[in-house]
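Participant: return a 3D structure for these sequence lines:
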Amino acid sequence: MTDLQPIPHPEPAQPSPQEQALRRIVLLDYLLHITGLLLTMGLLSVVALIINYIKREDADGTIYRSHMDWMIRTFWWFLFWVVISFIPVLMLAALSAGLLAFLFLIPSLWFLYRMIKGLLRLVDGRAIS
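Facilitator: Residues are numbered from 1 along each chain as shown. So this is what the prediction gives:
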C-alpha cells in the first residue's frame with residue numbers, strides 16, 4: 001500500500017486590518033443598498049452611496065475599490081432609469097387626471113344646478129317639488 005500524502009496547499013494570506021475593515025464597509029454598503037431599495041424607498045441607498053464616495057479612495061489597490069465603483073455606477077444608472085421610466089407615468093397621470101377632472105365636473109355641475117334652483121325657488125317663496 002502506498003502512503004497517501006496530503007497535497008500541501010499554501011495558506012491564504014491573512015488580510016490586513018485595513019482590508020478587513022474595508023470588507024466590512026463594502027458588506028455594509030451592499031446591505032444598505034439592498035435594504036434601501038426594499039424598505040426605505042432609497043434613503044439607505046443614499047447613505048451607502050455617501051459611504052462609497054468617502055471610502056473609495058481608501059480602497060485603492062484592493063478588490064474593494066472595484067466593489068465601491070460598481071455600487072456607485074449601479075446607483076446612478078438605477079436613478080437614471082427610474083427618472084426615464086417615470087416620465088411616461090407622469091404623462092399618463094396628467095392625461096388621466098385631466099379625464100378624471102372632467103368626470104368630476106359632471107356631478108359638480110349637477111350639484112351647482114340644484115343649489116341655484118333651490119336658491120331661486122327660496123327667493124321666489126316657492127317650495128321645492
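Participant: any chance you could map the strands in the chain?
Facilitator: Read by DSSP state E, the chain holds no strands at all.
Participant: buried stuff in stretch 36-49?
Facilitator: Within stretch 36-49, the residues scored as buried using 16 or more other CB atoms under 10 Å are 36, 42, 44, 45, 47, 48, 49. Any C-beta I mention is one placed from the backbone N, CA and C, and that applies to glycine too.
Participant: ends of that stretch, what's the gap?
Facilitator: Stretch 36-49 stretches 11 Å from its first residue to its last (CA to CA, to the nearest Å).
Participant: quick check: mean pLDDT of it?
Facilitator: The pLDDT scores in stretch 36-49 average 90.
Participant: ok, stretch 86-93 next?
Facilitator: pLDDT averaged over stretch 86-93 gives 82.
Participant: any weak-confidence spans in this structure?
Facilitator: Applying pLDDT under 70 to the chain flags residues 1-3, 100-101, 103-104.
Participant: circling back to that earlier point, what about the buried residues of stretch 36-49, which are in helices?
Facilitator: Among the buried residues of stretch 36-49, the members falling in helices (DSSP state H) are 36, 44, 45, 47, 48, 49.
Participant: any chance of those residues in a markdown table, with distance to residue 55 too?
Facilitator: Below are those laid out as a markdown table (distance: CB to CB, whole Å):
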| residue | distance to residue 55 |
| --- | --- |
| 36 | 17 |
| 44 | 16 |
| 45 | 16 |
| 47 | 12 |
| 48 | 10 |
| 49 | 11 |
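Participant: let me know the closest of those residues to residue 90.
Facilitator: residue 45 (22.1 Å; CB to CB).
Participant: just checking, the closest one touches residue 31?
Facilitator: No: checked against CB atoms under 8 Å, the pair residue 45 and residue 31 is beyond contact range at 10.6 Å.
Participant: would you map the helices across the chain?
Facilitator: 17-39, 43-55, 63-124.
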